[in-house]
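> what's the 3D shape of this:
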Amino acid sequence: MALSDVVVFEDRDPLYRACPALSVIRQENSVPDVQLRLNDKHMISVHRIIIAARIPAWKDRFGGLSEGGIISLEDQSHKQNIIQHLIDYAYTGQIEISLENVEDLLYYAVNLRLIPVEKCCYRFLINR
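Just a heads-up that it's a prediction; the model follows:
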């Protein structure tokens with residue numbers, strides 16, 4: 001039996017089930033209090049409490065930042081689509097892993113200390 005080229009990883013207790021309103025708030029871009037600025041100057045609006053709680057490596061970057069502040073990620077080489085996937089994961093507990101994105105997702109999962117995503121990426125690669 002052939003393996004699928006895409007796997008949707010889901011946390012054991014995905015956030016979208018515990019609090020479905022978070023996904024809606026994220027999609028509507030409602031009441032964000034921080035923006036992330038990437039290398040290409042692209043801005044992503046987020047809620048610092050969600051990101052700080054779900055992405056361990058970024059927690060310290062949010063301390064002491066006033067509402068409406070900007071977190072610059074320009075000092076690092078970030079791929080907008082991968083960062084967007086990881087932010088969506090922070091809000092939902094789900095992420096799509098494919099042959100096209102697994103290496104980048106694994107790189108960021110390791111660096112951002114997203115252990116569940118890291119483990120799923122490794123499993124995805126081992127099974128192929």
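
> Tell me the buried residues in stretch 27-41?
By neighbour count with 16 or more other Cβ atoms under 10 Å, stretch 27-41 contains the buried residues Pro32, Asp33, Val34, Leu36, Leu38. Any C-beta I mention is one placed from the backbone N, CA and C, and that applies to glycine too.

> So which elements touch the strand or helix carrying Ser23?
According to DSSP states H and E, Ser23 maps onto helix 20-28. In this structure, helix 20-28 makes packing contacts with helix 15-18, helix 80-92, judged by 3 or more Cβ pairs under 8 Å, 6 or more residues apart in numbering; DSSP states H and E.

> what comes up buried for the longest one?
Of the residues in helix 80-92, Ile82, Ile83, His85, Leu86, Ile87, Asp88, Tyr89, Ala90, Tyr91, Thr92 count as buried by neighbour count, 16+ other Cβ under 10 Å.

> So what angle separates the directions of it and helix 20-28?
Per axes from the mean of the first three to the mean of the last three Cα atoms, to 10 degrees, the angle that helix 80-92 makes with helix 20-28 is 150 degrees.

> Sheet-wise, list the partners of the next helix or strand after helix 80-92 with their directions.
On the C-terminal side of helix 80-92, the closest following helix or strand by DSSP H and E is strand 94-98. Looking at strand 94-98 with DSSP bridges, its partner strands are strand 6-10 (antiparallel).
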